[in-house]
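Student: Provide a 3D model corresponding to the input given below.
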Amino acid sequence: MDAKEIVGNLRKGNIDSTINEFIINRTMPLPKKEFIEALYFLTKDSVFKERALKEIDRLDIESFENYLKEKTLIPEVALFLYNHFKNKIKRKTLVEILNNFSIPSQVLMNIAKSDDSELLELLSIKEVKLLAHPEIIDVLISNPNLSRERRFRLIEMKKRFILGEEDEGEEREETKEAEAEVEEEKEEGEEDYDDSVISVELDMEDGIIEQKINLNMIKKMTVGEKIKFALFGNKEVRKILINDPNRLVREAVLQSPKLTDAEIESFAKLKSLSDDVIRRITLNKQWTSKYSVALSLIKNPKTPISFSLNYLDKLIVRDLKQIQKDKDIPEPVRKKAKILIERKFG
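Tutor: Okay, the predicted model is just below:
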């Protein structure tokens, strides 16, 4: 078993006491991240609890602060560490973890109750995160240390996305346009949007929750519920929600700590994808550094021409030839592909 498998089995209680002994004695060395997770799950075992807690207290605070910044952390482990060390965690770390979508809501709730006006301000602008955990919005609104302007904006956000008092302005027009694009894609048959039941696992702070849902159920969800599924669900539900009419839901998919490069590549191929999603992908250097992702973006007619022109130089001749012949790709991109082919052949 590798380190992740060991932690997974510990989480399920499927490791025997001999392996537990090896872990706590470091006879079986684990990377720092997995060792911290293993120690936490050993605190659940009455035989190893006391020793595990002592090992946790022996580790330096930087190790735990780094864990709280991890994209792939286990929520219940993060919550335990935060509660255990919250008086020692540096303020700089608190600012950084506000950007981590894997951080449990109870940690954010604790920050929402603080008297640190700067942290409150930073938390109040995390729309996607707040809509996934609407109870935090109420705490922020009632906190006298939050600025009047931010309180007003949170009240408006709650009215629109949680209470359903949506404006008929720009946001509604954007929703109509997105709905029309999704319907067009269904007609073209590019994606299979049937109403079959899918199994969704939500990795929440109190453990993994399994649910069976279908497309109709997703359509009836509130924006906050969709965001929660986008952030903490599996790839099956993200595949549906990346085309959701609401911008914040689409943003939540891209912010999911579970999102993979393979999913990004599949999104980049979707001609029905909203312009804002395409732009977000093109601005992420980690994603666009993958050849397959960059190629899929260049082949997508919605991709900004400036991005495609910059990345064409990195393509091999075979792909340049395909781009030159593809009439769906903007003419300036096809022209440059032709120039590059001629140059490569000298």
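Student: surely Leu140 and Phe152 touch.
Tutor: No. Here Leu140 does not reach Phe152: they are 11.7 Å apart, not a contact under C-beta atoms under 8 Å. The way it works is simple: take the backbone N, C-alpha and C, and place the C-beta from them, glycine included.
Student: which of those two has more neighbours?
Tutor: Set Leu140 next to Phe152 and count neighbours by other C-beta atoms under 10 Å: Leu140 wins out with 22 against 11.
Student: gap between the nearest residue to Met1 once chain neighbours are set aside and Asn20?
Tutor: Closest residue in space to Met1, ignoring its immediate chain neighbours: Asn9 at 7.1 Å, by C-beta to C-beta, 6 or more residues apart in numbering. In this structure, Asn9 and Asn20 are 11 Å apart, going by C-beta to C-beta, to the nearest Å.
Student: again with Val237
Tutor: With distances taken as C-beta to C-beta, Val237 is found 35 Å from Asn20.
Student: more neighbours, the two?
Tutor: More crowded of Val237 and Asn20, by other C-beta under 10 Å: Val237, with 23 against 20.
Student: let me see the contact set for that one.
Tutor: Going by C-beta atoms under 8 Å, 6 or more residues apart in numbering, Val237 touches Ile198, Val200, Ile213, Ile218, Phe229, Ala230.
Student: make it 6 Å
Tutor: Counting by C-beta atoms under 6 Å, 6 or more residues apart in numbering, Val237 touches Val200, Phe229.
Student: Provide the secondary structure category for it.
Tutor: helix (DSSP: H, G, I helix; E, B strand; the rest coil).
Student: the domain parsing of the chain - what is it?
Tutor: Domain assignment for the chain by automatic domain parsing gives 3-126, 260-346.
Student: ok so, going back, just give me the neighbour total for the residue nearest to Met1.
Tutor: Neighbour count of Asn9, defined by other C-beta under 10 Å: 16.
Student: count of neighbours near the spatially closest residue to Leu312 that is not a sequence neighbour?
Tutor: Closest residue to Leu312 apart from its sequence neighbours, by C-beta to C-beta, 6+ apart: Lys336 at 5.4 Å. Neighbour count of Lys336, defined by other C-beta under 10 Å: 18.
Student: then the one 5 residues further on?
Tutor: Other residues within reach of Ile341 by the criterion other C-beta under 10 Å amount to 15.
Student: need the domains of the chain in TSV (columns: mean pLDDT and distance to Leu163).
Tutor: Shown next, in TSV, are the domains of the chain (pLDDT from 0 to 100; distance: least, C-beta to C-beta, whole Å):
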stretch	mean pLDDT	distance to Leu163
domain 3-126	92	18
domain 260-346	93	25
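Student: mind checking which of those domains is nearest Thr222?
Tutor: domain 3-126 (16.1 Å; C-beta to C-beta).
Student: what's the end-to-end length of that closest one?
Tutor: 33 Å (C-alpha to C-alpha, to the nearest Å).
Student: most centrally placed residue in the protein?
Tutor: Nearest to the geometric centre of the chain sits Ser256, at 1.2 Å (C-alpha atoms, centre = their mean).
Student: so what's that one up against?
Tutor: Leu231.
Student: ok, Lys290 - contacts?
Tutor: Neighbour list for Lys290: Asp261 [criterion: C-beta under 6 Å, 6+ apart].
Student: the closest residue to Arg151 other than its chain neighbours - how many residues pack around it?
Tutor: For Arg151, ignoring the flanking residues on the chain, the nearest one in space by C-beta to C-beta, 6+ apart is Ile141 at 5.6 Å. Neighbour count for Ile141, taken as other C-beta under 10 Å: 17.
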